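>>> Need a 3D model of the sequence below.
(chains A, B, C and D)
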There are 2 protein chains.
Amino acid sequence: MTQPAVPRSRENTRARLLAAASEVFAELGLEGASVEAICERAGFTRGAFYSNFASKEELLLGLMQQVADQKLEQVTERVRELGEDASVHRSVAELVTSILDVGTDGPTGVVLMSEIRTNAMRDERLAEAYLAWEAAMAERVAEIVADVAEAYRLRLRIPAIEFARLILDVWDATCAFAVISGLAPLVAKDLLTQRTATLAAAVTDSE
Amino acid sequence: MTQPAVPRSRENTRARLLAAASEVFAELGLEGASVEAICERAGFTRGAFYSNFASKEELLLGLMQQVADQKLEQVTERVRELGEDASVHRSVAELVTSILDVGTDGPTGVVLMSEIRTNAMRDERLAEAYLAWEAAMAERVAEIVADVAEAYRLRLRIPAIEFARLILDVWDATCAFAVISGLAPLVAKDLLTQRTATLAAAVTDSE
DNA sequence: GTCTATAGAGGGATAGAC
DNA sequence: GTCTATCCCTCTATAGAC
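Below you'll find the model as predicted:
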């Protein structure tokens, strides 16, 4: 089914440039990262870049879209899995840990999202994409929350969507804290699990 | 007690440069803001700038320190007031509203803090200052939480310090959301109040 | 589709006059 | 303490060869 006839290099070059951009943006910031540095990282020159993207801003928008799609897909996938395996997990703590694989990013991903969020405050197009992604994430997490609450007979003290937003806020802040503190990945994940579990315990009652 | 003998202009120039920098940084980002643009906004030239700051990075560090001190002072002040007026407020909602005057920043302040947080992920010196500030903020808010809980006979479902971190996380995320959405200041404050009140209701029980 | 070469603008930082 | 003038570097984007 692989068809080399379809212009493959173009997609490939685009993908490599996007991957390189996400790294360099995370390392140097959106303004600090030069097109030259991104191309060098991807193994191309600026000519190839401008053949694939109209401008640096266009690249950023494409990157935002890619990151948002990826994360959303991961979480949606987890929602689906949870629907099938509802009876496998035992404790809420285990559940949290299991779901957290999705919420845990490497430092690069965390910095990149933070960079995008900050710049969405200044750029309307970026803002639109960011808000759509954020809303979709909250909905998916709310589905998980509702499913888990039903399966484990937990009473939510606030609506599922509010709970979902709380979780996402805590994840975001905790990931940022972990990166700024220079915490080792495993330590960071422990912290994330702990804070999520504390939150979950605080806003639910067992029936 | 005002002593014009003490070199007054130096402090004044420094202050004006810092104020201008906080605006331009918020508007264009740390990398996007040129020293020239900052000086122009402050009404000076680059010569004056380099007489007051060793480099652009040094300026950023000074700005971070200033912002952190200001915010911390505001919250500490509120803690003190609350100790004196403990019996004046009636409902938790009113309390939240009253305290929120502190947590509410203009868009410029929100963008600047977001910019600083993002860059703290890449800069060790900035990280150190940011973490110290964040920890101090959490402590102060925890004091408020504990005081209010005692005065209103509320049982906290999680330790005060955890509650405080939750509040700060929600404030941060909500302020960011408001700016990205382009919400009017009053609408933003309503949202902030509502989300804080929801959180407070969820993690406390009345005795 | 990707390269090299280059235009054209703007950046950070310094030196020295006032 | 603040100014002007300047050095040197890096940046984005384009033009044209391969």
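>>> ok, the closest residue to DNA strand C within chain A - how many residues close by?
Closest approach between chain A and DNA strand C, counting by CB to the nearest atom of the strand: A:G47, at 2.2 Å. Yep, even glycine has a C-beta here, placed from its N, CA and C like the rest. Applying other CB atoms under 10 Å in any protein chain shown, we find 8 residues neighbouring A:G47.
>>> again, but for the one 10 residues further on
Applying the criterion other CB under 10 Å, we find 13 residues in the vicinity of A:E57.
>>> Give me the distance between it and A:F163.
Between A:E57 and A:F163 the computed distance is 36 Å (CB to CB, to the nearest Å).
>>> Check A:V24 too.
36 Å.
>>> With A:A54 instead?
With CB to CB as the criterion, A:A54 and A:F163 are 41 Å apart.
>>> neighbour-wise, which of those two wins?
A:F163 (25 against 9).
>>> Tally up the residues packed near the closest residue to A:T193 other than its chain neighbours, please.
When the adjacent residues along the chain are set aside, A:T193 lies closest to A:T97, with 5.4 Å between them (CB to CB, 6 or more residues apart in numbering or on different chains). Residues contacting A:T97 under the criterion other CB under 10 Å number 17.
>>> Put the alpha carbons of the host helix or strand of A:T97 into CSV.
Taking DSSP states H and E as the criterion, A:T97 maps to helix A:92-103. C-alpha atoms of helix A:92-103 as CSV (Å, rounded to 0.1, in the frame of the first residue of the first chain):
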residue,chain,number,x,y,z
VAL,A,92,-8.3,5.7,41.6
ALA,A,93,-4.6,6.2,42.1
GLU,A,94,-3.8,3.5,39.6
LEU,A,95,-6.2,5.1,37.1
VAL,A,96,-4.6,8.4,37.6
THR,A,97,-1.2,6.9,36.9
SER,A,98,-2.4,5.2,33.8
ILE,A,99,-4.1,8.2,32.4
LEU,A,100,-1.1,10.4,33.2
ASP,A,101,1.0,8.7,30.5
VAL,A,102,-0.9,11.0,28.2
GLY,A,103,-0.4,14.2,30.3
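>>> now the helix-or-strand element of chain A with minimal mean pLDDT: how far from the chain's centre is it?
Ranked by mean pLDDT, DSSP states H and E, the helix or strand of chain A with the weakest confidence is helix A:92-103, at a mean of 71. In this view, helix A:92-103 has its centroid 15 Å away from the chain centroid, taken as CA atoms, centre = their mean, to the nearest Å.
>>> following it, which helix or strand shows up next?
helix A:107-120.
>>> got the buried residues for that following helix?
Using 16 or more other CB atoms under 10 Å in any protein chain shown as the test for burial, helix A:107-120 gives A:107, A:109-120.
>>> Would you enumerate the residues in contact with whichever residue of chain A sits closest to chain B?
Closest to chain B within chain A is A:E31: 3.2 Å, counting by CB to the nearest CB. The neighbours of A:E31, taking CB atoms under 8 Å, 6 or more residues apart in numbering or on different chains as the test, are B:28-32.
>>> Nearest residue to it in space, please, no chain neighbours.
Once flanking residues are discounted, A:E31 sits nearest to B:E31: 3.2 Å by CB to CB, 6+ apart.
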